[in-house]
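Enquirer: Okay, here's the prediction I keep looking at, along with the sequence it came from:
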Amino acid sequence: MCVFCYNNLQKEATEYTKKINSNFAKKFGINLEHADCSEYELATSNQIKSAKGIKIETEAGNTVWDLNQFSFYENDAVSDTIHPSLWLNGKSCYSAGVFEVVKDAIYQVRGLDLSNLTIIKGKTGWIVQDVMTTVETARKALDLLSEALHTDVRSNVKAVIISHSHWDHFGGIKGVVDEENVGNPEEGKIPIYVPAGFDEECIKEYIFAGTAMDRRNDYQFGRKVGSSEKGVVSGGLGIDHPKGTASFITPTNRIEKNQTLFIDGLEIEFQLTPGTEAPAEMNNYFKDYRALWIAENCCGTLHNLYPIRGAQLRDSSAWANYIQEAIILFADRSDVVFQSHHWPHYNTKEEPDGVKKYLLNNAAFYRYLHDQTLYLANKGLTAKEIAKEIKIPEKLAANWFTRPYYGSVEINARAVYTKYLGFYNANPVELDPLTELQEAKLFVDYAGPEEKILEKAEKDFLRGEYKKAANVTNKLVIANPENKKARQLCADAFEQLAYQSESSIWRNAYLQGAYELRNGVGERKLSRVKNKDMMYRMSPKYMLGYIGTLIDGKKAGDKELKLNLIFVNDNAEGTEKTVYQGKEVTVEQKFYVHLYYGALLSYENYQKDEEDVVTVILPKEIFFKIAEKQIESVKDKIDTNDFKKLLELEAVIEDLNTKDSFPIIERSDSSLTL
């Protein structure tokens, strides 16, 4: 008789898990003793300098990147604790170094970051395409390129193109260029090109919901788990996420429409693709090299229509349409398609339409997800039901570059449903649903006692029914976080589900959940926003919007105060002047701000002439100190007739940096009762 062993130790793969993974390997022709596939061949080809075992540190000696954590990929045989398809993805991403995309013209650095850094040879220097996530990894990428090409790449950067508004593509900018050198090329400066809406979308995605997103990233990337055959084995888009310094420099040039530009003598065609993988994104075509940069609209994986870290839903219909547009515009003129993650795809003798096939299969996959989700929704299926029902045609599912290493069919189908129909499934019981805590307590009350439920869950686990065991024990943990056995059984069920997951994100989330069930959340403080460069470059309008999200509505619910804010900046464009600190300065922008019973209402380019309105004159970055609850420290830099009003506003702002990281799995708000 099998008996479940309760403890907090990591476990090996069970026989049930081994069988599931083995059956997948047989179906897709994966040799578990020596796994290989067409994508692995592409990932390892055309390397001109290896970065095997590379380790990158900050100036303070903190580890940013250590490829040695993934040395288990040196083994030929697939580990029992890793899905065989995900093993292929991770092993492909493990290949690190400098790669030649187009001979003597285009080079990529891969395996130093979740994303790639690419350089394109111009007439007088180099154009950098996307700059990785961190300053440290981008700086090292340029060093490797210089060593591989025997030339000083860094001092010959003539332009930077950033494809879209995700931080793993712009965060390393200060590792590529110094801010004082950014500007008009006619003045000997380096321009930065971005798609229309770039600045706004960066702020909306990473500032407004940045704290919640950062905590959820713990699960998406398995931050506490560590890298091993029982831990993080891939980030899906790359081997892992670096832990360095994110930066931001305000772009100089925004691509507002599809157009052709000459940059350092190269003819480059830009195709805007808004609302696809990012709200602001663009593809580029390099005519001189017959090379198509497809940004992140195609990768060596099915992508997310909804990332589990949280983000705006993506439009799979628009996504498919823009890839189709790229096929029409560029496919017949391209010999290679390359992107910000993974490796290029080529036309070859064996596959003369390789570029078109790659684009076509990606477009078809997103179109199928979109159309079939709505087909099933119109038949009355709910989002959860559609996720179980939808089946991808074998011809599409068989492409290694659309396997679900990052995105997944199930979550993408739910994303399409939600984009059109919202979260509500039309069942009236969901109009005013119970919270997770209320539902869990009700479940235990009806189905309990806890020991009886746990006994049934244990039997499910021993039968290999890990999803059932996880679901039930999760409810026990929510209802009673002190139930040690429920935590241990739930953790073990999560762990087996992780080992069975083809998606890196699913694996990471299950393993992070198992870690926190066994070890607790820990004492990590919440992070307001990591990229301070981006925060301080917010426009006054967005800064006020962000401050509104920091207000504790319970504290501010009975408060009302009125401010005329005058932001000054001598570098701002404009003719209006005012006096600040005894000097005449330029007015950047004016706002009337009204804290009205918990809501922070701001009126752009408007001032109110009433007796109870307090006037405040200051630079934008000084006012931002109120968000950090440090307004008193800059009192002498503020001109106002009533400083106490600023203190009143600051008093209702929550400083998230003082708060412990919130739990994800268990809910402990005892004030919520039925």
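Expert: Yep, it's here. Residues are numbered from 1 along each chain as shown.
Enquirer: buried stuff in the longest helix along the chain?
Expert: For the chain, the helix that runs over the most residues, judged by DSSP state H, is helix 354-377. Buried residues in helix 354-377, counted by 16 or more other CB atoms under 10 Å: 354-359, 361-370, 372-374, 376-377. C-beta here means a position set from N, CA and C on the backbone, and glycine is covered the same way.
Enquirer: Quick one: the helices in the stretch 201-350 of the chain, in order.
Expert: 210-221, 316-330 (DSSP state H, counting those that start in this stretch).
Enquirer: roughly how far out does the first one sit from the chain middle?
Expert: I take that to be helix 210-221. What separates the centre of helix 210-221 from the centre of its chain is 9 Å, taken as CA atoms, centre = their mean, to the nearest Å.
Enquirer: before we move on, the earlier item: measure how far the longest helix of the chain is from the centre of its chain, please.
Expert: 22 Å.
Enquirer: cool, and stretch 554-569?
Expert: The mean C-alpha position of stretch 554-569 is separated from the chain mean by 33 Å, CA atoms, centre = their mean.
Enquirer: distance between the ends of that stretch?
Expert: 35 Å (CA to CA, to the nearest Å).
Enquirer: what are the ranges of the strands in the stretch 501-650 of the chain?
Expert: 560-568, 577-580, 583-596, 599-604, 613-618, 639-640 (DSSP state E, counting those that start in this stretch).
Enquirer: Let me have the ones you listed in CSV, extended by mean pLDDT, mean neighbour count and distance to Phe221.
Expert: Output for the strands of the stretch 501-650 of the chain, formatted as CSV (pLDDT from 0 to 100; neighbours: other CB atoms under 10 Å; distance: least, CB to CB, whole Å):
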stretch, mean pLDDT, mean neighbour count, distance to Phe221
strand 560-568, 97, 20, 37
strand 577-580, 95, 14, 44
strand 583-596, 96, 17, 37
strand 599-604, 98, 15, 33
strand 613-618, 97, 19, 38
strand 639-640, 96, 18, 44
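Enquirer: helices and strands of the protein: which one bottoms out on pLDDT?
Expert: Counting by mean pLDDT, DSSP states H and E, the chain has its least confident helix or strand at helix 532-536, which shows a mean of 75.
Enquirer: coming back round to it: okay if I get the strands of the stretch 501-650 of the chain as a markdown table plus distance to Pro433?
Expert: Listed next are the strands of the stretch 501-650 of the chain as a markdown table, based on distance: least, CB to CB, whole Å:
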| stretch | distance to Pro433 |
| --- | --- |
| strand 560-568 | 33 |
| strand 577-580 | 52 |
| strand 583-596 | 30 |
| strand 599-604 | 25 |
| strand 613-618 | 42 |
| strand 639-640 | 46 |
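Enquirer: ok, Tyr546 touching Ile207?
Expert: Yes - the criterion here is CB atoms under 8 Å, and Tyr546 meets it with Ile207 at 5.4 Å.
Enquirer: Let me know the distance separating the closest residue to Ala246 other than its chain neighbours from Asp533.
Expert: Among residues not flanking Ala246 along the chain, Gly171 sits closest, at 3.8 Å (CB to CB, 6 or more residues apart in numbering). Note on Gly171: its distance to Asp533, by CB to CB, to the nearest Å, is 9 Å.
Enquirer: Looking at those two, which one has more neighbours?
Expert: Applying other CB atoms under 10 Å to Gly171 and Asp533 shows that Gly171 carries more neighbours, namely 29 against 19.
Enquirer: can you give me the strands for the stretch 301-450 of the chain?
Expert: 336-338, 345-346.
Enquirer: Including mean neighbour count, mean pLDDT and distance to Tyr592, could those go into JSON lines?
Expert: Listed next are those as JSON lines, based on neighbours: other CB atoms under 10 Å; pLDDT from 0 to 100; distance: least, CB to CB, whole Å:
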{"stretch": "strand 336-338", "mean neighbour count": "23", "mean pLDDT": "99", "distance to Tyr592": "50"}
{"stretch": "strand 345-346", "mean neighbour count": "23", "mean pLDDT": "98", "distance to Tyr592": "54"}
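Enquirer: Using JSON lines, please lay out these together with distance to Ile308.
Expert: Formatted as JSON lines, the strands of the stretch 301-450 of the chain follow (distance: least, CB to CB, whole Å):
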{"stretch": "strand 336-338", "distance to Ile308": "27"}
{"stretch": "strand 345-346", "distance to Ile308": "27"}
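Enquirer: Out of those, the one nearest Ile323 is which?
Expert: Nearest to Ile323 among the strands of the stretch 301-450 of the chain is strand 336-338; the distance by CB to CB comes to 10.5 Å.
Enquirer: who does that closest one touch, helix- and strand-wise?
Expert: strand 97-102, strand 291-293, strand 345-346, helix 354-377 (3 or more CB pairs under 8 Å, 6 or more residues apart in numbering; DSSP states H and E).
Enquirer: Mind checking those for the one nearest to Trp506?
Expert: helix 354-377 (17.0 Å).
Enquirer: mind listing the helices for the stretch 401-550 of the chain?
Expert: Going by DSSP H, counting those that start in this stretch, the stretch 401-550 of the chain shows helices at 409-421, 436-447, 450-462, 466-479, 484-499, 504-519, 532-536, 540-548.
Enquirer: Distance of Tyr510 relative to Tyr406?
Expert: For Tyr510 relative to Tyr406 (CB to CB), the value is 15 Å.
Enquirer: Just want to know which of those two has more residues nearby.
Expert: Taking neighbours as other CB under 10 Å, Tyr510 and Tyr406 compare with Tyr510 leading, 26 against 23.
Enquirer: neighbours around the residue nearest to Ser228 when sequence neighbours are not counted, how many?
Expert: Once flanking residues are discounted, Ser228 sits nearest to Phe72: 7.0 Å by CB to CB, 6+ apart. Neighbour count of Phe72, defined by other CB under 10 Å: 18.
Enquirer: Over to the one 10 residues further on?
Expert: Burial measure for Ile82: 28 neighbouring residues, criterion other CB under 10 Å.
Enquirer: Surely it and Gly231 touch.
Expert: No - in this structure, Ile82 is not within contact of Gly231 by CB under 8 Å, at 10.0 Å.
Enquirer: Tell me if I'm right that Gln372 and Ala387 touch.
Expert: No - Gln372 is beyond contact range of Ala387, at 11.5 Å (criterion: CB under 8 Å).
Enquirer: shared neighbours of the two, which are they?
Expert: Any residue near both Gln372 and Ala387 by CB atoms under 8 Å, 6 or more residues apart in numbering counts here, and that gives Ala413.
Enquirer: residues in contact with the spatially closest residue to Ala377 that is not a sequence neighbour?
Expert: Spatial nearest neighbour of Ala377, excluding adjacent residues (CB to CB, 6+ apart): Tyr417 at 5.7 Å. The contact partners of Tyr417, taken as CB under 8 Å, 6+ apart, are Thr373, Ala377, Thr382, Ala383, Ile386.
Enquirer: how far away is Tyr417 from Glu385?
Expert: 10 Å.
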